[in-house]
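**Q** Give me a model of this one.
(2 chains)
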Amino acid sequence: MTEIAHAGIGKAASSYAVWTVADRAGGLLEQHAWLSAGYIVVAMAAILGMIAVLGVVLIYLERKVSAHFQCRLGPMRVGPHGIFQTVADTLKLFLKEDTVPVGADSLLHLLAPFLSVAAVALILCVLPYSPNLQIADVNIGVLFVGAVSGLGVMGILVGGWSSNSKWSLIGAMRGAAQIVSYEVSATLALLVVVLLSGTLSLSGIVQSQEAGWWIWRAPGVGLLAFVMFIISSSAEINRTPFDIAEGESELAAGFHTEYSGLRFAFFFLAEFINMFIVSALAATLFLGGWMPFHIGGLEGFNGVMDLVPPGAWFFAKTAAMIFLFMWFRWTFPRLRIDQLMRLEWKVLLPVGLVNLVVTAAMVLLGLYFFPVG
Amino acid sequence: MTGEKPKRSVRILGGREVPVIVMPRLPGKGPHVARSAISLLKGMRLTGSYFRPSKVVTRQYPENRKTLKLPERFRARLKLIDDAGGHHKCTGCKLCQKACPNDSIRVLTRKGPVTQKNELDRYIWRQDSCIVCNACVQACPFGALEMTGDFESAVYDRRLLIHTLNRYAGPPASVLDQAAEAEREKMMEPRDAYGGPTPMNGQAMPEVPPLLAAPPGDGEGAPSAGKPDNKEGADS
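**A** Have a look, this model is predicted:
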């Protein structure tokens, strides 16, 4: 069984060596414990910085992209083309009064936004940005991502419950029901890639795509899994067409109705970073992550593609996915709650299960393109 | 399939008869999923076609002030149309005043010193209460009025929003064109924009200094124009 898994996948046959921050820190632990600790501190600071910068950049992008889909310009006043608009908005949120509703569970009310952000930060730690830029390559990466994103649901539920408002609670329940439902088919789509690559490690999955990205390397099933992942993950991150939990044109705000100031900012931040994470996961699992685009046999073309650094490949693919999600938002009409649940339990789940079984048969028979070794 | 209408029907849901409306299938061939997916892609193509800089309709107003072009039918400011010789076409018939829904127009007339006929003395337009509805322009049988796009009308003193639109008191261009050159001078009497009898509808503002010194010779030909106490707007 393991032989078969190895034979077709070639997870060892990668020309890229992965060297994570955790590896570096671990290697230094014996002789220079302080230096090792320094690496960890730098990594933590980098994650915090990344959350802040990504939040500001993504919110700016969302506003600009939304504007241009509606023939508008978006923010134009603060800085050239409004690039400092989100910075100004963030400063405003910092200065706002931190209101807690009467009768709210003050501890949980404070904790909920941080739960959401913590889940986001933990996933950012395991994403492979480039062969040399990854905090830790967890050998159960996909499982870890699935488990930790469950923590984000906790943030939503706790936030809705602790607000002591029935509307927040209803919003939280709706959100949680939706996210938990769609996590099932998102995970089924991820499992397809795990089957194909024979590893749960995110870096390992990227390395397994050297001969071709999984979206087309596995005939049919890869594309189907990719589409399923896009659908279910846009439901997971509460984006249109699945944003009934907080549909801004219909409801107040869902679970974060009673939040204001910095706490609201953290929920908002977590939501946008979640979009980045989902896009990064789609890029990593289906579009080759930091792996350059190669066509077998065309050495010159491949050489040109190799000139682009792997990190740039990763961020370009992720940006393309983010743009796709924003494009969805301005095209598709919102689903009703019963349509939403029907789509998940009656369509996506059976299709995902069948897809998984077909993939398993394909891996056993070696029926996929560009087999290595 | 195409042209099929939604049908009323009854279905048993949860043990109860529930009236429902059965929608027809999406037009086109093939399975429902494929047609829906194609429909979604069509939508994405449409929205995608808007995503380019040339489609932007927003204009950056204060920056583009010099190149700003407003649509022809944009309405902001009422104007008495001048012909080539700088003469208005208003006969003083007051139809615009009657058409005005909120009394923003007051047409003051006088007896012409030469023609001895009724003619325009002051065309007073209250921009502060005007709702720019265009009713006056449509009511005018002589085409003497138009709405222009000059929208930058912010002022620091409300009295500046009460304009006298005509530049001279006198008969319209049609009469002036037929008159002799020497007669024409006598027919026309200059009028300034703010010297009318109704600053703030006749209300004097004690703290506020007068906008203009009383125009010389204003009260000469028009008994109603010169003195603030004797005006048409005061009775309302």
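
**Q** who in the stretch 1-150 of chain A is up against chain B?
**A** A:65, A:67-73, A:76 (C-beta under 8 Å from any C-beta of the partner chain). (Each C-beta comes from the backbone N, C-alpha and C, glycine too.)

**Q** Point out where chain B drops to low pLDDT.
**A** Low-confidence segments of chain B (pLDDT under 70): B:1-3, B:198-236.

**Q** Quick check: longest helix in it by residues?
**A** In terms of residue count, the longest helix belonging to chain B (DSSP state H) is helix B:32-50.

**Q** in its sheet, what does the next helix or strand after that one sit against?
**A** Toward the C-terminal end, the helix or strand that comes next after helix B:32-50 (DSSP states H and E) is strand B:77-80. Using DSSP bridges, the strands paired with strand B:77-80 are strand B:145-148 (antiparallel).

**Q** Identify each buried residue in the partner strand, please.
**A** In terms of neighbour count (16 or more other C-beta atoms under 10 Å in any protein chain shown), strand B:145-148 has its buried residues at B:145, B:147.

**Q** What is the helix or strand following that strand packed up against?
**A** Using DSSP H and E, the helix or strand that directly follows strand B:145-148 along the chain is strand B:162-164. Contacting strand B:162-164 under the criterion 3 or more C-beta pairs under 8 Å, 6 or more residues apart in numbering or on different chains; DSSP states H and E are the following elements: strand B:118-126.

**Q** hmm, 10 Å instead?
**A** strand B:77-80, strand B:105-111, strand B:118-126 (3 or more C-beta pairs under 10 Å, 6 or more residues apart in numbering or on different chains; DSSP states H and E).

**Q** Just the buried ones out of the residues of the stretch 1-150 of chain A next to chain B, please.
**A** When neighbours are counted using 16+ other C-beta under 10 Å, those contain these buried positions: A:65, A:67-70, A:73, A:76.

**Q** In helices only, show me those residues.
**A** For those, the ones inside helices are A:65, A:67-69, with DSSP H as the criterion.

**Q** Nearest to residue B:191, out of those residues: which one, please.
**A** When those are compared for distance to residue B:191 (C-beta to C-beta), residue A:67 wins out at 48.2 Å.

**Q** For that closest one, report the pLDDT, please.
**A** The pLDDT attached to residue A:67 in the predicted structure is 94.

**Q** Check the one 4 residues further on too.
**A** Per-residue confidence for residue A:71 comes out at a pLDDT of 92.

**Q** For it, give me its contacts.
**A** Listed by C-beta atoms under 10 Å, 6 or more residues apart in numbering or on different chains, the contact set of residue A:71 reads B:50-52, B:54-58.

**Q** What parts of chain B come near chain A?
**A** Contacts of chain B with chain A, taken as C-beta under 10 Å from any C-beta of the partner chain, map to B:33, B:37, B:40-48, B:50-60, B:63.

**Q** Sort out which of those residues are buried, if you could.
**A** By neighbour count, with 16+ other C-beta under 10 Å, the residues of chain B next to chain A hold B:44, B:47, B:51 as buried.

**Q** Make JSON lines out of the residues you listed and add distance to residue B:156.
**A** Supplementary listing: these in JSON lines, determined by distance: C-beta to C-beta, whole Å:
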{"residue": "B:44", "distance to residue B:156": "51"}
{"residue": "B:47", "distance to residue B:156": "45"}
{"residue": "B:51", "distance to residue B:156": "43"}
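
**Q** Residue B:130 touches residue B:96, doesn't it?
**A** No: with contacts counted by C-beta atoms under 10 Å, residue B:130 stays clear of residue B:96, the gap being 11.6 Å.

**Q** between those two, which one's more packed in?
**A** Looking at residue B:130 and residue B:96 with other C-beta atoms under 10 Å in any protein chain shown, you find the greater number of neighbours at residue B:96, namely 24 against 20.

**Q** Am I right that the more buried one is in contact with residue B:124?
**A** No: proximity of residue B:96 to residue B:124 does not meet the contact threshold set by C-beta under 10 Å, at 11.3 Å.
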